[in-house]
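Undergrad: whatever this is, show me its structure:
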Amino acid sequence: MISSPSTPAQPSIEALFTPADFQALALRDLSNATCVVFDVLRATTTLLTALAAGAESVTPAATVAEALALRRADPDVLLAGERDGVRITAAVSGGVDFDLGNSPREFTPHVVKGRRIVATTTNGTRALRACAGARHVLPASLRNISAVARWILLHPTPECLLVCSGTYEDAAYEDVVGAGALVRRLAAALPAATLLDSARLAEIIYGAALPNLSASLSTLARNGRRLAAMPELAPDVALCAAEDDLNVVGVMGRTGVIRRVEGF
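TA: Numbers count the residues shown, from 1 in each chain. Coordinates of the predicted model:
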């Protein structure tokens with residue numbers, strides 16, 4: 001069990017399931033909110049893997065054009081990202097092959113240690129950008145879910161919004177599972193927290209998946225089935241389902257750059 005601080009805040013915890021939900025964040029006052037963004041398969045898992053491997057930072061870009069503009073401003077950055085699940089090539093970008101795709105297995109210390117990364121994905125980076133007005137913005141994955149919970153308990157806010165990136169414009173099963181994993185940990189540490197029905201639904205879905213997260217993600221998740229059918233990407237599913245094998249937290253600053261934080 002994760003221990004709570006001696007005088008913890010008892011926040012409201014809400015889950016947002018689709019891009020329509022996170023796009024509506026622009027109309028909300030997020031100044032007292034912590035937004036936790038899930039793109040379990042695979043954007044948030046991948047960027048956290050990069051930080052754990054020693055990357056200096058990851059900057060999410062909403063579009064390919066924005067990523068290319070950031071590269072022109074800083075030619076030393078690595079470009080990473082996907083469209084339709086595969087690495088962005090010159091044919092997609094209009095002339096530039098990206099250095100990396102969106103597989104966490106690519107982001108090894110040999111490749112990313114000490115490097116600044118600009119990443120754009122179909123949904124995950126858009127979700128991160130949509131949360132820019134929040135007091136705290138954290139990417140999360142199953143791989144670091146307990147570390148995220150500990151950080152939230154040490155940095156309490158009245159609201160905690162669990163933002164599921166989804167698939168295109170739909171909900172994504174794996175992101176709801178990730179959100180539910182965080183609900184379970186926070187609810188255990190903060191028994192007086194207000195769980196909105198959306199948070200309770202996420203926790204129930206996580207509980208159902210828990211006996212075998214890897215099998216659940218590869219069979220019940222649309223993205224998991226797609227990745228499992230691609231031999232070069234199929235191993236990503238099991239890696240993304242490896243609960244709590246990373247002890248790392250990343251926080252997105254006011255400039256939109258995500259860096260690893262210590263001492264949580």
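Undergrad: any idea which helix or strand comes after the helix or strand bottoming out on mean pLDDT in the chain?
TA: When the helices and strands of the chain are scored by mean pLDDT, DSSP states H and E, helix 19-23 comes last with a mean of 90. Next in sequence after helix 19-23, counting helices and strands by DSSP states H and E, comes strand 33-38.
Undergrad: now the angle from the helix or strand following that next one to strand 33-38?
TA: Per DSSP H and E, the first helix or strand lying C-terminal to strand 33-38 is helix 43-52. Orientation check (axes from the mean of the first three to the mean of the last three Cα atoms, to 10 degrees): helix 43-52 against strand 33-38 gives 100 degrees.
Undergrad: and helix 43-52, what other elements does it pack with?
TA: strand 57-60, strand 116-120, helix 124-130, strand 136-140, strand 249-252, strand 258-261 (3 or more Cβ pairs under 8 Å, 6 or more residues apart in numbering; DSSP states H and E). Where C-beta positions appear, they are placed from N, C-alpha and C, glycine not excepted.
Undergrad: switch to 7 Å and redo it
TA: On a contact count with 3 or more Cβ pairs under 7 Å, 6 or more residues apart in numbering; DSSP states H and E, helix 43-52 meets strand 57-60, helix 124-130, strand 136-140, strand 249-252.
Undergrad: could you check how far it is from the centre of its chain?
TA: 8 Å (Cα atoms, centre = their mean, to the nearest Å).
Undergrad: thinking again about what came up before, the helices and strands packed on helix 43-52: which one's closest to Ala80?
TA: Minimum separation from Ala80 across the helices and strands packed on helix 43-52 (Cβ to Cβ) falls at strand 57-60, 8.1 Å.
Undergrad: quick one: contacts of whatever helix or strand comes next after the closest one?
TA: Using DSSP H and E, the helix or strand that follows strand 57-60 towards the C-terminus is helix 64-73. Residues outside helix 64-73 that contact it (Cβ atoms under 7 Å, 6 or more residues apart in numbering) are Thr59, Ala61, Val77, Leu79, Gly81, Ile88, Val92, Ser93, Val96, Val118, Thr120.
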